[in-house]
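Trainee: everything below, folded, please.
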Amino acid sequence: MVQQSHDILKSVLTAEAALDAVIDPNAVVIDPALPLLIVDVDEVLGLYPSWQDRLREIKGIYLLVDKRTGEQYVGSAKGGDSLWGRFCGYARTGDGGNAELKNRHGARYQASILQVVDEQLPDYGIEEIESWWKRKLMTREYGLNRN
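Mentor: Sure thing, here's the model as predicted:
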């Protein structure tokens, strides 16, 4: 259990390093461009193939923002095709299979990456980090997360 907590803390610290990289260009991050990615969901399928490939390899926490209301949704990418799979799901269906987003017909979202996590981190660790972001951004209280 101590090792699991250590791994989760290490991922959180990686997020802080990524944020620092935006401020300090000399900071070291997994991929310096990824924390800077911001894309409209309806433009995801047109991303360069090299970006698509990179997003397929990355597990992490992402943010969707409703472009009309500003409401936020925090999600995680753990499974097949990782972030690419999640972003494509939103591009194809508008809701990515999320119950709360299914009721928002016609909503347009902007997607960004909040945190890249180690690909070896187990799903429950990724879910804990996702929950931490939901608390930090208060997306359960004022956003689109219900869990």
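
Trainee: how about residue 98, phi and psi?
Mentor: Phi and psi for residue 98, reported as degrees, to the nearest 10, are phi -80, psi 130.

Trainee: try the one 10 residues further on
Mentor: Note on residue 108: its backbone torsions stand at phi -120, psi 130 [degrees, to the nearest 10].

Trainee: I'd assumed residue 67 was in contact with it.
Mentor: Yes - with contact defined as CB atoms under 8 Å, residue 108 reaches residue 67; the gap is 4.7 Å. (C-beta placed from N, C-alpha, C; glycine too.)

Trainee: which residues are common contacts for these two?
Mentor: In terms of CB atoms under 8 Å, 6 or more residues apart in numbering, residue 108 and residue 67 are both contacted by the residues residue 40.

Trainee: mind checking how far residue 142 is from residue 128?
Mentor: As judged by CB to CB, to the nearest Å, residue 142 and residue 128 stand 21 Å apart.

Trainee: where do the strands of this structure begin and end?
Mentor: 38-40, 59-66, 72-77, 109-117 (DSSP state E).

Trainee: low-scoring stretches of the chain, by residue?
Mentor: Low-confidence segments of the chain (pLDDT under 70): 1-35.

Trainee: rewinding a little: just so I know, which of the strands of the chain lies nearest residue 124?
Mentor: Among the strands of the chain, strand 72-77 comes nearest to residue 124, with 10.9 Å by CB to CB.

Trainee: contacts for that closest one, please.
Mentor: 58-66, 83, 85-86, 96, 98, 100-101, 109, 114, 126-127, 129-130, 133-134, 137, 139, 142-145.

Trainee: which of those residues are buried?
Mentor: Buried members of the contacts of strand 72-77, counted by 16 or more other CB atoms under 10 Å: 58-66, 83, 86, 96, 98, 101, 109, 114, 126, 129-130, 133-134, 137, 139, 143-145.

Trainee: specify the beta-bridge partners of the spatially most central residue of the chain.
Mentor: In the chain, the C-alpha nearest the mean C-alpha coordinate belongs to residue 62, at 1.2 Å (CA atoms, centre = their mean). When assigned by DSSP bridges, residue 62 has beta-bridge partners residue 75, residue 113.

Trainee: contact partners for it?
Mentor: By CB under 8 Å, 6+ apart, the contact list for residue 62 reads 74-77, 83, 86-87, 111-114.

Trainee: sounds good, over and out.
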